[in-house]
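**Student:** below is the sequence, then the predicted model.
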Amino acid sequence: MSKCLVVMTLIKNRVIVCSPRSEYFRVSELSKHNITRVPDPEKSVLQHLALTTALLESGFAVYDIPELKDHPNSVFTQDGSLVTPEGYIKLRMGLESRKGEDEWIAQNLESLGIKRAGSISGNGTVEGGDVILTGSIAFVGLSKRTNEEGMKQISTILNAMNFEVRSVSVPEPFLHLGGAMSILSQETVLYCQGIFPMDFFKGFNSIEVPGDSFASGNVISLGNHGIIAEKTNTAAINVLRKKGYRIHALDLSEFIKGTGGPSCLILPV
């Protein structure tokens, strides 16, 4: 395993990213990788750099790891593992072409000194975009990538860590739960209308936005009312600005081609 590159400023949070270098553009079968169009290499590099820069300027430590060979989706680091206060949970990818990314990201987490606290096994599949943790609550989505057996296993692990698990089915056009909701703070949730049960966000302040696309609810919270959003996600941007949030509207169009939003590109550790 290659050593990861670490760039650090004043540490507020740590995230793992994977800058596109070559694998993200080597896609011969688009549908196999759930990529809609082959990304433009130059634009992808610049867009990812803009994301990394915004994170660094907001006080994050950014660990940039090399792509996994023959895995174009490895730029979407969120999905292979879930990091909890007790260690990381090794997940099991739901898309056949992404299998192997879970072991790759686990090795990188262990190189940072993060211990394993559990794993998904057997026929269970869970991808990180379907599990969102905040405080003592774990939101879990049943989707095309996270199946019922995987949901059962991840719920058991998280319950043992004293998380309250709240689960929901993820409808189209959303690939993961994270496309339909994001945590803005320990008290506030952004979510897409028409998807969640009435009491799903009990105990939270909630901000509703239209669910126009697979990433309508997908943003990154930088803390202190700072938000990273993909620039075409205008519905969420307009709502959040009216609520007093400072928006970094970034062009991430080359990663939208890979069916990913901003948070898909980072793994919080």
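**Tutor:** Yep, it's here. Residues are numbered from 1 along each chain as shown.

**Student:** run through the strands of the stretch 101-250 of the chain in chain order.
**Tutor:** Counting by DSSP state E, counting those that start in this stretch, the stretch 101-250 of the chain has strands at residues 116-119, 131-134, 137-142, 164-169, 181-183, 188-192, 205-209, 220-223, 226-230, 246-250.

**Student:** C-alpha coordinates for the fourth one, CSV please?
**Tutor:** Same thing as strand 164-169. Only the C-alpha atoms of strand 164-169 are listed here, as CSV (Å, rounded to 0.1, in the frame of the first residue of the first chain):
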residue,chain,number,x,y,z
GLU,A,164,-30.1,5.1,18.0
VAL,A,165,-30.6,3.8,14.5
ARG,A,166,-33.2,5.4,12.3
SER,A,167,-33.7,3.7,9.0
VAL,A,168,-35.5,4.6,5.8
SER,A,169,-35.8,3.3,2.2
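
**Student:** contacting residues around it?
**Tutor:** 136-143, 151, 155, 158-159, 177, 195-197, 200 (C-beta atoms under 8 Å, 6 or more residues apart in numbering). Every residue, glycine included, has its C-beta placed from N, CA and C.

**Student:** tell me the buried residues within those.
**Tutor:** 137-143, 151, 155, 158, 177, 195-196, 200 (16 or more other C-beta atoms under 10 Å).

**Student:** and those residues as CSV, adding pLDDT?
**Tutor:** Formatted as CSV, the buried ones among the contacts of strand 164-169 follow (pLDDT from 0 to 100):
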residue, pLDDT
Ile137, 98
Ala138, 98
Phe139, 98
Val140, 98
Gly141, 98
Leu142, 98
Ser143, 98
Met151, 98
Ser155, 98
Leu158, 98
Leu177, 98
Ile195, 95
Phe196, 97
Phe200, 97
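
**Student:** and the furthest pair within those residues?
**Tutor:** Spanning the widest gap among the buried ones among the contacts of strand 164-169 are Leu158 and Ile195, at 21.1 Å by C-beta to C-beta.

**Student:** continuing past the longest helix along the chain, what's the next helix or strand?
**Tutor:** As assigned by DSSP state H, the longest helix anywhere in the chain is helix 41-57. As assigned by DSSP states H and E, the chain's next helix or strand after helix 41-57 is strand 61-64.
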